[in-house]
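Novice: My questions concern the predicted model and sequence given below.
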Amino acid sequence: MTSAMTAPTGGAGAGAGPAATPPAAAAPATAGPFSDQGPGPQATTQPEPSPATDFRRPPTRAEAVEFGLLLALLVPFYTWLLPQEGPLQWAGFALVAMVIVYIVWFSPHRRLEAAARRSLLEVPAMLAWSMVVIWGILPLGPLGKMAGNGLIGWTVVYILFFARQAQGDSWEDWGMGDPWRYLAALRAGPRRREVWLALLGVNLALALACWFADDTVHAIVHRALRKAFGLRHEGHLPFPALLAVVLPAANLLLAFVRYDNLREAGRLLGWYFALGSAGAMLAGYWYIYVIHAGWVEIQPMRGLTGMGGYVLWGTLQELLFLSYFNTRIRKGLDSPLLSALLTAIVFSLYHLTAYTLMGICFAVMIVWALLFQAAPNLFLLGFVHGISGGFGTAFAIQGMPPIRIKASVGPFNR
C-alpha cells in the first residue's frame, strides 16, 4: 500500500520526456499576503509546466478519443448493469476492473518513470485494500467490525500523515497551503499588518455569530460532526465553550488554506456552481411543477444549517479523493481527462451499494477532478461540495411523494 519515492518538489506529476518537468500543475501562483513577491500566500518560483504536464491545457485528440471510448464502456455499467443483482452486476464490476487495469498498466498516457509508476500503482493497491477491509473484514461479526475499524483508522492515519511525505508531494499538490509558511508570514511577512487585520476580522465575525446566532451555529456544528464522524451529541454549549470550539478550528483551517490560486479556483468553481444551480433548479421545476404538479416551500434556515453542516464532510471527501487519490493518479498519467475519469471511478466505488448515488458521484467527480486539476484548492472545492450537497435541504417539496435517493453506503446498508 505504501511506497517511498522522490519527485520534483511542488509537482503533481513526474516529468515526461528525457528531462523531468514540473508535475501536473494548476494555475500559476500569483502574489499575495503570504508571499515575499507580493499578493497571494504560497507563491512559488517553479517554471511554467510544459504542455506534457500542464493539466490546464485542452486535451489532445488522442486523449479525447481514449476518454470517450472508456466513458462509453462505463456508462452502461452505471445506468444499467450496476442496479442488477446477480451475473449482470458482476459482469459490470469485471468491466470496471478491466478499465482500471487498462488505465494503470496499458494506457499510452501513463508515465513510465519509476516515481510516476509507484504513484499510480498505489491507487489500485489502496482501492483493493479498502474494499477487502470494508467488504471482507467489517461484516465478520463483532470482532471483524472491531478489526476493520482499526484497519480503517490506520489507513486514514497513513493518508493524512505519511502519504504526502512518502510520495514527495508538496502541500500545493494536495490543494493546501503550507502552514509553516503561513505562520512565517504572520511573524515577518511583508504584509503582515493587513493579514493580522483580516484575521482579526474573521475571528470577530465568528465571535459575533456565536453570540447573536448561537442556535444556528450549534445546529451547523452538530450537523457537521454527525455527518463527518457520526457524533450525535446535541448539547448546547455556553458562549465561552462555543468560542473555544469554533475559533481554534477556524484558525487551524486558515493555516492550511491555499491562497495563491484562490482567484483562479474561485472563478472556475463559481462558474460550476452557477451553472450547476441553474441546471438543478430548471430540472427541479420541470420534474416537480410540470410533471407532478407539486410545489416547493423555501426553508432558508434549514438550508443554511444543512449546507453549513455538509461543508466539513464535503472537505473530508475531497481530501481523500482529490488531495490523495487524484494526486496519486495525475502524478502517474499525463492525460487530464484520463486522470479525472479514474478519480471518478474510485470515488463511485466507495459509495457501494447506493447505486443511483454511485452514478451521480461518477458524473460529478469527473467535473470536480477537472476543476481541481486546473486549480488545486482543497478548501474552496470542499466548501462548494458542501454547499452543493446541502443545497436541497433549503427546499421542502409539497404536493407529491418526496424524492428519495439512497445515500447510505457500506456493507451494513444494503
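Specialist: Happy to help now that I have it. Numbering: from 1, shown residues only.

Novice: those helices in the stretch 1-150 of the chain, which residues are they?
Specialist: Residue ranges of the helices in the stretch 1-150 of the chain, as given by DSSP state H, counting those that start in this stretch, are 61-76, 87-101, 114-131, 141-161.

Novice: Tell me which of the ones you listed is the most buried.
Specialist: Stretch with highest mean neighbour count among these: helix 114-131 (a mean of 19; mean count of other C-beta atoms under 10 Å). C-beta coordinates here come from the backbone N, C-alpha and C atoms, glycine included.

Novice: Give me the angle between it and helix 87-101.
Specialist: If you take axes from the mean of the first three to the mean of the last three C-alpha atoms, to 10 degrees, helix 114-131 sits at 160 degrees to helix 87-101.

Novice: Let me have the helices of the stretch 1-150 of the chain in JSON lines, extended by mean pLDDT and distance to A369.
Specialist: What follows is these, written out as JSON lines (pLDDT from 0 to 100; distance: least, C-beta to C-beta, whole Å):
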{"stretch": "helix 61-76", "mean pLDDT": "97", "distance to A369": "12"}
{"stretch": "helix 87-101", "mean pLDDT": "97", "distance to A369": "15"}
{"stretch": "helix 114-131", "mean pLDDT": "97", "distance to A369": "13"}
{"stretch": "helix 141-161", "mean pLDDT": "96", "distance to A369": "17"}
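
Novice: can you list those helices in a markdown table and add distance to R330?
Specialist: Formatted as a markdown table, the helices of the stretch 1-150 of the chain follow (distance: least, C-beta to C-beta, whole Å):
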| stretch | distance to R330 |
| --- | --- |
| helix 61-76 | 13 |
| helix 87-101 | 16 |
| helix 114-131 | 9 |
| helix 141-161 | 16 |
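
Novice: C361: which of the ones you listed is closest?
Specialist: Across these, the minimum distance to C361, taken as C-beta to C-beta, is reached by helix 61-76, at 12.6 Å.

Novice: so which of the helices of the stretch 1-150 of the chain gets nearest A293?
Specialist: helix 61-76 (31.7 Å).

Novice: For the closest one, what is the distance to the chain centroid?
Specialist: 23 Å (C-alpha atoms, centre = their mean, to the nearest Å).

Novice: Stretch 285-302 too?
Specialist: Distance of stretch 285-302 from the chain centroid (C-alpha atoms, centre = their mean) equals 29 Å.

Novice: Please, where are all the strands along this protein?
Specialist: For the chain, applying DSSP state E gives strands covering 295-298, 395-398.

Novice: closest one to T60 among these?
Specialist: Short answer: strand 395-398, nearest of the strands of the chain by C-beta to C-beta, at 42.0 Å.

Novice: Check which residues of the closest one are buried.
Specialist: F395, I397 (16 or more other C-beta atoms under 10 Å).
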